[in-house]
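Chemist: Okay, sequence plus prediction incoming.
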Amino acid sequence: MADTSDTRTPAQIEADIKRRREMLAETLDEIGVRVHPKTIVGDARAKVVSNIDHTVGRAYVQVNRVVSEVRASFVDDEGAPRLERVVPVALVAVGVVGLLVLGTRRRKG
């Protein structure tokens, strides 16, 4: 059988009770802070901001990758434009703008 006798003095027992009461009070205070509506809203807001930051960061990486790929198709390794690719794209862009201008003038006229 286990020894159930307590060899502590009454002062030691009182000190232990006081210490445990203080620990319990701290724990209850922490719980009160955690379940407070402002804390819950703040935690939720921080999580949303974190998720948005993460999503924006991933989107930035994706956009940067696409821009780098497009740039690589129009510029050689030395940074000079690849005229065989730039000129056709420029001509198509000028043609599209020209068609838009003509369409706008016809609607006004």
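Modeler: Done, it's in.
Chemist: quick one: the helix or strand bottoming out on mean pLDDT in the chain to chain centroid distance?
Modeler: Least confident helix or strand of the chain, by mean pLDDT, DSSP states H and E, is helix 83-108 with a mean of 89. Put simply, helix 83-108 sits 40 Å off its chain's centre (Cα atoms, centre = their mean, to the nearest Å).
Chemist: Who are the packing partners of that helix?
Modeler: In this structure, helix 83-108 packs against helix 37-74, with contacts taken as 3 or more Cβ pairs under 8 Å, 6 or more residues apart in numbering; DSSP states H and E. Every C-beta, even on glycine, is put in place using the N, C-alpha and C of the backbone.
Chemist: Name the residues of the helix it packs on that are buried.
Modeler: Buried residues in helix 37-74, counted by 16 or more other Cβ atoms under 10 Å: none are found.
Chemist: what is the orientation angle of that helix with helix 83-108?
Modeler: Relative orientation of helix 37-74 and helix 83-108, computed by axes from the mean of the first three to the mean of the last three Cα atoms, to 10 degrees: 110 degrees.
Chemist: what packs against helix 37-74?
Modeler: Judged by 3+ Cβ pairs under 8 Å, 6+ apart, helix 37-74 is in contact with helix 83-108.
Chemist: where does the protein dip in pLDDT?
Modeler: The chain contains residues with pLDDT under 70 at 1-4, 109.
Chemist: Could you chop it up by domain?
Modeler: 10-74, 83-109 (automatic domain parsing).
Chemist: Specify the local secondary structure of the closest residue to residue 16 other than its chain neighbours.
Modeler: Nearest residue to residue 16 in three dimensions, chain neighbours excluded: residue 8, at 7.3 Å (Cβ to Cβ, 6 or more residues apart in numbering). Three-state call for residue 8 (DSSP: H, G, I helix; E, B strand; the rest coil): coil.
Chemist: Distance check, residue 8 against residue 18.
Modeler: Computed as Cβ to Cβ, to the nearest Å, the residue 8 to residue 18 distance reads 13 Å.
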